[in-house]
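Student: Have a look at this fold, sequence not included:
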């Protein structure tokens, strides 16, 4: 190996882009860290000098390079992402190793490893050289296969398990085309140069083929120029494109592992989440508004883009969401987009808490177990009556907190961004709960359960009735027999994905029925379409979502569809003639 | 070999079959239940003139049987139908196959399953029942009582249960429930003159010539109390009474009342068989599940599939008299179709000839049976 | 036109003078606002209505007839619990309407 040149003007486009992006990233990181609250900055500082940094490094490797979460969703899609990211990473690393090995003096020239083949010539062939030629060609081939798949995905995304992909805007398109161009251009440049620089199966092979009908010498300069321009253009397009996720995701992983969470505004961590969105579009198919009601353009990926670019009716986009959490579940980057939406909603608070002065002074109910049926449960008396039977049979001293109708738990207000108003509900209900001297609060509504758990700061435990029933059966306070029914269990969003209560209903159902598996359970549970998280969805759209969910849940034709939420129950009953019951009702049947 | 297959032996099917038989056609009637007569045979009295429903059905069955040209297969459903040129090949659930020239769908309606309006407590509270249940109680001849066997002091009729309700995918009005509620309210008052009877309605649709008189009688003769408001929910008290909530919309105030019995006026939905047949015969189904005739005005009994006809409540809720009129219209349409639709002249002539012969034969037979009384055709 | 007698303003809806601007805006924002058949189920089921006179059916009608004076305060009573939406036979997006009325009538 011998050095031919140390500089050529064609490196300029690359260098300009490179300097630009480095300055941009450094400024971005400083700005983000400045936006973080003091305690988060402290957390970050601590985590960098602790074992957590290794966790982060591993996660960066697994997610940013290997894309393991995407692999889990679809192997082909994962392979595509891995080929490009890991292949490119290998090219960079191997390039640097080559420089280290052959001309350590040039390590401080950022362009040198990138255009290594142009600057070096092969003087004698060694095993070491051949190995590097081979490795570099293999890495390049890997990237090219990835790019090929990416091209094919644009034509037929179903191959990768995606029914719909993101519709891209100009910035993204420019960045995407330049990204696609970089590697074929590199292949051409290295192939034309391979007569001088040497090469392996790919570059030398192409070089020999080209030699037979074009003059390789003449094409060396133009192709290296084109390669450099493509790189430079990509760097310049990066900040306005989705590929910003490449550097940002690494920072996100470090911050997340430091224990930093998004706060009440989208500054700081929220911003990093925004820039970490790769617009891969996996959330589009996950969203039932898109899958069932054709609201593709209302899905999270577009909200994220609007919020990042501060364009369009962001407030409306934040409202058009079921807040079911399926997109959060599907996101390979782990972005809590529901929180970002909630922050936008919160900024639109306009209801006046003073309006609720009509709420009466607290009426004291003394009891051991306080039961909050929930507003919706008043429209599904089957659930309320079943719970009443269960309390009686278990011999529990229980009183209903909202007999004949109560004060709303506040979560619907909260979800619409009206937090000050929600605080009034929380305050009023907290008073009733505290004055009751109860040891336990049980609710039949997952919506209420979630807010009782997360926002009420109660001194007593809160249980959803699925958990409570499980406990009663465990303690043999009630006895159940097998009903012989085949059932499918539908996880309500606010109980399952949004509160993590997956096992208690299953434990109970295993004892009283034949619980059938579905593809749509636990984290993959569906939204019934009834969600109070979305105030703008039309009745027709809700119906479409509900019918689609019901169809999917009853694919295996169960005798009974079981759920644990009055709203889910009501919505699914309205969607067809399938019998739907709450778990409490099935338990009452099983008690005989 | 039959000329026409009638699917469903409710009043529409029976009426159409007997008319077609009178015209000289051989008719096969397929009925999924164990008896002919449909919903009507299980009811007590029919508005507006208190005609005994079971008797009406029985009379119709006798009429249909008269010419011996109608074959009724009970406990039988259609497994498959296929067009075979000018004919239809029908496979029945008993394995038998028949070929006919025309098919008439008279699958009627299905009663809305009141369990689906859970907020009203049907199947949860003892004393919440449906109009169909009440009709059966009346038909049984025993006094109407609460679950515990007590005579009700207060009864509430709830209109539009499963009708005009987007939440259960039934946008349509079931048409007969208003009149039925008024009829049943009066019947309760006839049974228990001192009981309080309430009707909770959204709109009172007393559209027929005699309905307004029924309404007026309910108010003035029977003292039925009408409240304009849709029930929101029902709750059961310890003594088994039902507390119901509605808005008295004319007062603009919330209204609460405890009653001994709640009667839900369950509406009409398209029958399941309707959808199945529509799929097999490729005929148009509306969003509401009822069948769409090819032209609501001029060809109310025709479908877009030649030779397939519809009549009765399978094309939307109808009263008894409307259903019967529709069935007769369908018989005329089928007659026209068979006579004009046969493209080969010889076949057409053959059919006309056959009909002529049949008519003469029937006339002769009937004249003999009915002791010389002449019958006009 | 004078009908020959004077009418107390508050006792009559004067559709010649009534402004339906806000109702039109609500309708544009939430078209299902027009679908009300006045059955009153929303009012009967209302969680807030248990504690205070609050009538969504009447509020809708008031808006449609241009009587918007008290609309802001009325709409603000809603707790957004969603029972009315679950029960409305016309599938009206009641929660969105309440939010819209409140926002559009903010003085």
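Tutor: Good, I have the coordinates. All of these numbers come straight from a predicted model, not from anything done at the bench.
Student: Only C-alpha atoms from now on, for both contacts and neighbour counts.
Tutor: Will do.
Student: Which elements pack onto the worst-scoring helix or strand of chain A on mean pLDDT?
Tutor: Lowest by mean pLDDT, DSSP states H and E among the helices and strands of chain A is strand A:2-3, with a mean of 85. For strand A:2-3, the elements it packs on are strand A:120-121, judged by 3 or more CA pairs under 8 Å, 6 or more residues apart in numbering or on different chains; DSSP states H and E.
Student: which other helices and strands contact the helix or strand following the least confident helix or strand of chain A?
Tutor: The first helix or strand that comes after strand A:2-3 along the chain, using DSSP states H and E, is helix A:11-35. Counting by 3+ CA pairs under 8 Å, 6+ apart, the packing neighbours recorded for helix A:11-35 are helix A:216-237, helix A:269-276.
Student: Dump those into TSV; add distance to chain C as well.
Tutor: Shown next, in TSV, are the helices and strands packed on helix A:11-35 (distance: least, CA to the nearest CA, whole Å):
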stretch	distance to chain C
helix A:216-237	37
helix A:269-276	27
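Student: Right, and chain C sits closest to which residue of chain B?
Tutor: residue B:165 (4.2 Å; CA to the nearest CA).
Student: what helix or strand does residue B:199 sit in?
Tutor: Assessed by DSSP H and E, residue B:199 sits inside strand B:196-201.
Student: quick one: residue B:76 and residue B:39, what's the gap?
Tutor: Distance of residue B:76 to residue B:39, computed by CA to CA, to the nearest Å: 17 Å.
Student: no no, residue A:252
Tutor: Using CA to CA, we find residue A:252 at a distance of 67 Å from residue B:39.
Student: Of those two, which one has the most company?
Tutor: residue A:252 (26 against 18; other CA atoms under 10 Å in any protein chain shown).
Student: Which of the helices or strands spans that one?
Tutor: Counting by DSSP H and E, residue A:252 is part of helix A:245-257.
Student: Of all the residues in the lengthiest helix in chain C, which ones are buried?
Tutor: The residue-count maximum for a helix in chain C (DSSP state H) belongs to helix C:94-104. Using 16 or more other CA atoms under 10 Å in any protein chain shown as the test for burial, helix C:94-104 gives C:94-103.
Student: Equivalent analysis for stretch C:19-30, please.
Tutor: The neighbour-count check on stretch C:19-30 (16+ other CA under 10 Å) flags C:19-20, C:22-24, C:26-27, C:30 as buried.
Student: same thing with stretch B:84-94?
Tutor: By neighbour count with 16+ other CA under 10 Å, stretch B:84-94 contains the buried residues B:87-92.
Student: Save those residues as a markdown table, and put in secondary structure too.
Tutor: Shown next, in a markdown table, are these (DSSP: H, G, I helix; E, B strand; the rest coil):
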| residue | secondary structure |
| --- | --- |
| B:87 | strand |
| B:88 | strand |
| B:89 | strand |
| B:90 | strand |
| B:91 | strand |
| B:92 | strand |
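Student: which of those are close to chain C?
Tutor: Among the buried residues of stretch B:84-94, no residue sits close to chain C (CA under 8 Å from any CA of the partner chain).
Student: roughly how far out does the helix holding residue A:252 sit from the chain middle?
Tutor: With CA atoms, centre = their mean, to the nearest Å as the basis, helix A:245-257 stands 14 Å off its chain's centre.
Student: Might you enumerate the residues of chain C proximal to chain B?
Tutor: C:37-45, C:55, C:58, C:86-91.
Student: Using neighbour counts, give me the buried entries of the residues you listed.
Tutor: For the residues of chain C next to chain B, a neighbour count by 16+ other CA under 10 Å gives the buried set as C:38-45, C:55, C:58, C:86-91.
Student: And these, which two are furthest apart?
Tutor: Largest separation among these by CA to CA: C:58 and C:86, giving 18.4 Å.
Student: need the residues of chain B near chain A, please.
Tutor: Chain B has residues B:116, B:118-119, B:121, B:124, B:167-169, B:233, B:235 near chain A, with proximity defined as CA under 8 Å from any CA.
Student: tell me the contacts of residue 250?
Tutor: In the absence of a named chain, this looks at chain A. Counting by CA atoms under 8 Å, 6 or more residues apart in numbering or on different chains, residue A:250 touches A:60, A:64.
Student: wait, I meant chain B there
Tutor: residue B:228.
Student: what's the helix or strand for it?
Tutor: Under the criterion of DSSP H and E, residue B:250 resides outside all helices and strands.
Student: could you list every residue that touches the residue of chain C found nearest chain B?
Tutor: In chain C, no residue comes nearer to chain B than residue C:89, which is 4.2 Å away by CA to the nearest CA. Residues counted as contacts of residue C:89 (CA under 8 Å, 6+ apart) are B:164-167.
Student: what are the phi and psi values for the closest residue to it other than its chain neighbours?
Tutor: Distance criterion CA to CA, 6 or more residues apart in numbering or on different chains; nearest residue to residue C:89, sequence neighbours excluded, is residue B:165 at 4.2 Å. Phi and psi for residue B:165, reported as degrees, to the nearest 10, are phi -140, psi 100.
Student: got it, and residue A:6?
Tutor: Torsion angles, degrees, to the nearest 10, at residue A:6: phi -120, psi -10.
Student: next one: residue B:122
Tutor: Here is the backbone geometry of residue B:122 (degrees, to the nearest 10): phi -70, psi 130.
Student: Look up the pLDDT of it for me, please.
Tutor: Looking at residue B:122, its pLDDT reads 97.
Student: can you check residue B:375 too?
Tutor: pLDDT, residue B:375: 40.
Student: try residue C:70
Tutor: Note on residue C:70: pLDDT of 88.
Student: ok, back up a step: give me whichever of the helices and strands packed on helix A:11-35 is most buried.
Tutor: Most buried of the helices and strands packed on helix A:11-35, by mean neighbour count (mean count of other CA atoms under 10 Å in any protein chain shown): helix A:269-276, with a mean of 25.
Student: counting contacts, what elements does the next helix or strand after it pack onto?
Tutor: Downstream of helix A:269-276, the next assigned helix or strand under DSSP H and E is helix A:282-286. Where contact means 3+ CA pairs under 8 Å, 6+ apart, helix A:282-286 is packed against helix A:288-291, helix A:300-309, helix A:326-330.
Student: Which elements pack onto the first one?
Tutor: Counting contacts by 3+ CA pairs under 8 Å, 6+ apart, helix A:288-291 is packed against helix A:282-286, helix A:539-553.
Student: what do you get for the second one?
Tutor: Under the contact definition 3+ CA pairs under 8 Å, 6+ apart, helix A:300-309 sits against helix A:269-276, helix A:282-286, helix A:314-319.
Student: again, only this time at 10 Å
Tutor: Here helix A:300-309 is seen to pack against helix A:269-276, helix A:282-286, helix A:314-319, helix A:326-330, helix A:337-346 when contacts are counted using 3 or more CA pairs under 10 Å, 6 or more residues apart in numbering or on different chains; DSSP states H and E.
Student: buried stuff in it?
Tutor: A:300-308.
Student: and if you look at the first one?
Tutor: Using 16+ other CA under 10 Å as the burial criterion, the residues of helix A:288-291 that qualify are A:288-291.
Student: quick one: contacts for residue 99?
Tutor: Let's take chain A. Residues counted as contacts of residue A:99 (CA atoms under 10 Å, 6 or more residues apart in numbering or on different chains) are A:105-107, A:109, A:112-114, A:116, A:120.
Student: Chain C, not that one
Tutor: Residues in contact with residue C:99 (CA under 10 Å, 6+ apart) are A:350-351, A:416, A:535, C:26, C:72, C:75-76, C:78, C:80.
Student: at 7 Å what do you get?
Tutor: Applying CA atoms under 7 Å, 6 or more residues apart in numbering or on different chains, we find residue C:99 in contact with no residue.
Student: Distance check, whatever residue of the stretch 251-400 of chain A ends up closest to chain C against residue A:424.
Tutor: Nearest residue of the stretch 251-400 of chain A to chain C: residue A:355, at 5.6 Å (CA to the nearest CA). The gap separating residue A:355 from residue A:424 is 10 Å, by CA to CA.
Student: before we move on, the earlier item: any idea which of the buried residues of helix A:300-309 is closest to chain B?
Tutor: Among the buried residues of helix A:300-309, residue A:300 lies closest to chain B (CA to the nearest CA), at 27.9 Å.
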